[in-house]
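K.L.:
any chance you could fold what I've pasted below:
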Amino acid sequence: GHTHRGGVTYARTRHGLVAAYEGFCLCSLEPQYAIHPDWQNGIILATVFDTFVNAEPIPFYPNGDRLIAVWRDKVYQA
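P.N.:
Residues are numbered from 1 along each chain as shown. This is a model prediction of the structure:
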């Protein structure tokens, strides 16, 4: 299954730090078949290194009739 929500959980194991990500959604937050579901728009950007992956969750925030995202101190608007 899937959640349409953003989230991250970290755990330390004997092999090191592990993370589990919920990847938001890019769909409408007001579908015809559900009333105000607890979903969030956003993306996850990832940089792949030799020994690990660095993932950055980026939620989209409502701003009037548009969405904005902040990444590395810059505001992006759609």
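
K.L.:
residue with max distance from the center of the chain?
P.N.:
Going by CA atoms, centre = their mean, the residue of the chain most distant from its centre is Arg14, 27.0 Å out.

K.L.:
can you report how many residues lie near Phe24?
P.N.:
21 (other CB atoms under 10 Å). Where you see a C-beta, it was placed from the backbone N, CA and C, and this is true even at glycine.

K.L.:
what are the phi and psi values for Ser28?
P.N.:
Backbone geometry at Ser28, expressed as degrees, to the nearest 10, gives phi -60, psi 140.

K.L.:
tally of neighbours for it?
P.N.:
Per other CB under 10 Å, the neighbour tally for Ser28 reads 10.

K.L.:
need the contact list for it.
P.N.:
Applying CB atoms under 8 Å, 6 or more residues apart in numbering to Ser28 gives no contacts.

K.L.:
quick one: it and Gln77, what's the gap?
P.N.:
For Ser28, the distance to Gln77 equals 18 Å [CB to CB, to the nearest Å].
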